[in-house]
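Undergrad: sequence and predicted model, in that order:
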Amino acid sequence: MPLATIERGSHVMVRCADGRLLTKIATSGVVNGYSFLVVWACTEEEWITAQVEGREPNAMPWPAETVSPV
């Protein structure tokens, strides 16, 4: 995964534990989690709603190794 290509607002693909791939929007670049690197990401719907409402999107951390830029 090229770490430098993921930044806030980037479209990313995340791999779930069950193997499914989901499209998300990164709300951060690659950052330190508790014990591994993560990328915080949310759905596109949440990203747009948060922008309209003037707030930070509700996002969740994904292990950076499961995230790739689209």
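TA: In hand now; what should we look at?
Undergrad: give me phi/psi at V52?
TA: Backbone torsions for V52, taken as degrees, to the nearest 10, come to phi -60, psi -40.
Undergrad: how much space between it and I6?
TA: 24 Å (CB to CB, to the nearest Å). In short, each C-beta sits where N, CA and C put it, glycine included.
Undergrad: now do the longest strand along the chain: everything it contacts.
TA: Counting residues, the longest strand in the chain under DSSP state E turns out to be strand 21-32. The contact list for strand 21-32 (CB atoms under 8 Å, 6 or more residues apart in numbering) reads 3, 6-16, 37-44, 47, 56-57, 59, 62, 64, 67, 70.
Undergrad: among those residues, which lie within helices?
TA: Among the contacts of strand 21-32, DSSP state H puts 44, 47 in helices.
Undergrad: the contacts of strand 21-32, buried ones only, as a ChimeraX selection?
TA: In ChimeraX, a selection of the buried entries from those looks like this (16 or more other CB atoms under 10 Å):
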select :6,10,12,14,37,38,39,40,41,42,47,57,59,62,64,67
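Undergrad: now do the strands in the chain.
TA: Under the criterion DSSP E, the chain carries strands at the ranges 11-15, 21-32, 37-42, 60-63, 67-69.
Undergrad: would you reformat those strands as a markdown table and include mean pLDDT?
TA: Compiled in a markdown table, the strands of the chain are given as follows (pLDDT from 0 to 100):
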| stretch | mean pLDDT |
| --- | --- |
| strand 11-15 | 97 |
| strand 21-32 | 97 |
| strand 37-42 | 97 |
| strand 60-63 | 97 |
| strand 67-69 | 95 |
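Undergrad: T66 against M13, yeah?
TA: No - using CB atoms under 8 Å, T66 makes no contact with M13, being 9.1 Å away.
Undergrad: okay, the nearest residue to P57 once chain neighbours are set aside and G33: tell me how far apart.
TA: Spatial nearest neighbour of P57, chain neighbours left out: A50 (3.8 Å); criterion: CB to CB, 6 or more residues apart in numbering. Going from A50 to G33 by CB to CB gives 22 Å.
Undergrad: now do T23
TA: 21 Å.
Undergrad: distance between stretch 43-50 and the chain's centre?
TA: Using CA atoms, centre = their mean, to the nearest Å, the mean C-alpha position of stretch 43-50 is found 12 Å from that of the whole chain.
Undergrad: that'll do, ta.
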